[in-house]
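Undergrad: give me the fold of what follows.
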Amino acid sequence: MTYVHQLNTPLGPATASAEDDALTGFWFVGQKYYPAKTGNWLQKPGHFIFRRLETWLERYFTGCNPLAEITLDPPGTLFQKKVWAFLLQIPYGRLVTYGEIAREFAAREGLASMSAQAVGGAVGRNPISLLIPCHRVVGANGGLIGYAGGTGKKAALLRLEGALRDACPR
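TA: Model (predicted):
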């Protein structure tokens with residue numbers, strides 16, 4: 001059974017999903033790849049995973065690195081799950097490029113190379129926004145590209161983490 005909870009965040013409404021004892025999804029409402037089939041999901045805002053998530057979000061949006069224990073179980077292909085595991089290793093407040101992930105992925109998998117575009121496709125389909133920090137991945141030139149929630153949200157998240165600073169006026 002998939003349980004669901006609607007939350008309000010400083011960046012707008014979001015939907016979380018859980019199965020058993022794991023978070024399976026966290027999406028900003030209306031973002032790209034928002035789940036289409038939610039008709040059989042059961043509203044259960046009191047589920048312990050959602051209470052942990054609310055604590056995590058409260059810490060995160062007050063500028064603290066939220067170290068709360070939440071079991072994550074995103075649905076996806078083996079390749080996607082391996083890429084998402086890389087994302088979980090990106091430290092709070094740090095940025096990496098799609099190319100850096102592709103090179104590291106290839107090295108760990110014993111491959112001659114890996115396409116940054118393939119990595120980007122997996123990053124973009126991350127079903128657990130924020131907690132699997134796909135917002136910390138940027139283009140080769142540092143550009144804020146490829147965030148399913150929109151580049152405005154990506155910029156706001158990176159500013160909150162201190163990873164992105166607006167240029168000061170001269």
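
Undergrad: domains for the chain, by residue range?
TA: Following automatic domain parsing, one gets these domains for the chain: 2-61, 78-160.

Undergrad: most tightly packed of those domains?
TA: Greatest average neighbour count among the domains of the chain goes to domain 78-160 (a mean of 17), per mean count of other C-beta atoms under 10 Å. Bear in mind the C-beta positions are built from the backbone N, C-alpha and C, glycine included.

Undergrad: from the chain's centre, how far out does that domain sit?
TA: 9 Å (C-alpha atoms, centre = their mean, to the nearest Å).

Undergrad: just stretch 11-28 next, same as before
TA: Distance, centroid of stretch 11-28 to centroid of chain: 11 Å (C-alpha atoms, centre = their mean).

Undergrad: endpoints of it, how far apart?
TA: 8 Å (C-alpha to C-alpha, to the nearest Å).

Undergrad: show me what that stretch is in contact with.
TA: 1-9, 29, 33-35, 38, 41, 44, 47-50, 53, 70-75, 127-131, 148-150, 153, 156-157 (C-beta atoms under 8 Å, 6 or more residues apart in numbering).

Undergrad: try it again with 7 Å
TA: Applying C-beta atoms under 7 Å, 6 or more residues apart in numbering, the external contacts of stretch 11-28 come out as 1-7, 29, 34-35, 41, 47, 49-50, 53, 70-75, 127-131, 149, 153, 156.

Undergrad: the closest residue in space to Leu42 that isn't next to it in sequence: what secondary structure?
TA: Using C-beta to C-beta, 6 or more residues apart in numbering and skipping residues adjacent in sequence, the residue nearest Leu42 is Tyr3, 5.4 Å away. Classification of Tyr3 by DSSP: H, G, I helix; E, B strand; the rest coil places it in strand.

Undergrad: you'd agree Tyr3 is up against Asn40?
TA: No - with contact defined as C-beta atoms under 7 Å, Tyr3 does not reach Asn40; the gap is 11.0 Å.

Undergrad: what's the one helix or strand Ala102 maps to packed up against?
TA: In the assignment (DSSP states H and E), Ala102 maps to helix 98-109. Counting contacts by 3 or more C-beta pairs under 7 Å, 6 or more residues apart in numbering; DSSP states H and E, helix 98-109 packs against helix 78-87, helix 116-124.

Undergrad: so what touches that helix?
TA: 83, 86, 112-116, 119-120, 123, 137, 139-140.

Undergrad: for those, which one is nearest Tyr92?
TA: Comparing those against Tyr92 with C-beta to C-beta places Val137 closest, at 13.9 Å.
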